[in-house]
Structure formats: structure tokens, C-alpha cells
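>>> 3D, please:
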Amino acid sequence: MVQVIKRLALVFFMVLLAGCSPKYDWREVSTAGGRVQAIFPDKPRSESRSTQIEGVQYPFTMDMALVDDQVFAVVYSLLPQEKQDEASTRKAGEALLRSVYASMNEPVPEPLPPFGQKLTFRKAVGNENASVYVKVFAGSGVIVQAYAAGQDNTLKESVADEFLNGMTLR
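Down below sits the predicted model:
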């Protein structure tokens with residue numbers, strides 16, 4: 001009987017611990033050849049592909065973590081050596097900013113918002129409302145789009161802010 005009570009106590013303790021474990025397991029990640037420092041709420045996985053923006057082909061890598069139905073991603077392109085000067089990097093970053101608005105089917109504001117400003121988009125997905133929070137950066141020969149997306153009832157803006165504010169360009 002004592003063994004049964006000990007086992008039940010152990011099971012109860014494990015259930016209690018599982019209930020207390022954090023939904024987000026934040027970790028620091030260096031990416032983009034060390035040019036970007038980010039925090040992710042779970043271990044990110046990487047995918048690469050080439051994307052055309054305003055007639056220019058860019059090789060992009062996406063580091064992404066999923067938590068429930070929430071997506072946390074840092075998408076970046078290391079620019080070719082001959083395009084790493086400040087003017088070329090800025091031009092590529094502005095093209096990336098415009099592409100964010102186009103992908104959200106939103107008009108591009110003029111002037112464009114500054115790099116690093118949080119952009120918020122609200123969209124209907126089926127019967128649910130979803131939010132996408134985005135920041136775009138350009139510098140050090142890299143263009144970067146960081147975003148957090150999820151349904152409004154699960155993704156809290158404060159969590160999106162923690163992710164977006166944890167990203168820095170080096």
C-alpha cells in the first residue's frame with residue numbers, strides 16, 4: 001500500500017510539474033553568419049530558398065519555431081559582396097518592406113516606415129482572426145524580416161513583442 005501511495009504521489013508530482021512547465025522555452029540563437037542575434041520560443045529549424053523581390057533574386061533562409069498554432073520566424077538574405085554597401089543594403093531592405101505589405105494585401109505607405117518599427121496586420125483566417133507582427137531590418141550586408149503570427153485567441157501581442165524585441169542586427 002505504501003508503494004502505491006508513493007507511485008500516486010510521484011505521478012501527481014509529475015503532472016503538477018508538467019502543468020507548470022513553460023509554454024515558451026526561450027533561447028538565444030545567432031544566425032545569418034553571426035550578423036543576427038534572435039530569441040526563439042522553441043528550437044528553430046531552418047529552410048532556404050530563393051525569392052524574387054522587385055525583379056531581383058535573393059537567396060533567403062528562414063529560421064522558424066512553432067508553438068501550438070503560432071509561428072515565430074527570422075527570414076534573412078545575406079547580400080552578395082558587391083551589394084553590401086549601405087546604399088544597396090538600404091535599397092534591398094526597402095524592397096523587402098514593400099514586399100511585406102504586398103504579401104499582406106495592404107497598400108504600401110509612403111514614406112515607408114523606418115527599419116525596426118513593428119508593423120501589425122490583422123487578417124481573418126476562416127472563422128478566426130489572426131495577427132501578424134513584423135519588423136524589417138537592413139544593415140551589415142543583410143536584410144531581415146522577423147515575424148510572429150497566430151490566431152488572436154492564442155498569440156498574445158506581448159509574446160510577439162518579446163520575440164521581435166529580442167532580435168538585433170550586429
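
>>> quick check: the most centrally placed residue in the chain vs Pro109, distance?
Central residue of the chain (CA atoms, centre = their mean): Ala73, 2.7 Å from the mean position. Computed as CB to CB, to the nearest Å, the Ala73 to Pro109 distance reads 23 Å. The C-beta positions use only the backbone N, C-alpha and C, and glycine is treated the same way.

>>> what about the helices in the chain?
For the chain, applying DSSP state H gives helices covering 2-20, 86-103, 157-165.

>>> now do the contacts for Glu86.
Glu86 makes contacts with Gly139, as judged by CB atoms under 8 Å, 6 or more residues apart in numbering.

>>> mind pulling up the pLDDT for the residue lying closest to Ala92 once chain neighbours are set aside?
What sits nearest to Ala92 in space, not counting adjacent residues and going by CB to CB, 6 or more residues apart in numbering, is Ile143, at 4.9 Å. We note a pLDDT of 97 for Ile143 in this prediction.

>>> how about the closest residue in space to Arg90 that isn't next to it in sequence: which residues does it bridge to?
Leaving aside its sequence neighbours, Arg90 sits nearest to Ala138 (CB to CB, 6+ apart; 5.8 Å). On the basis of DSSP bridges, Ala138 is bridged to Ile143.
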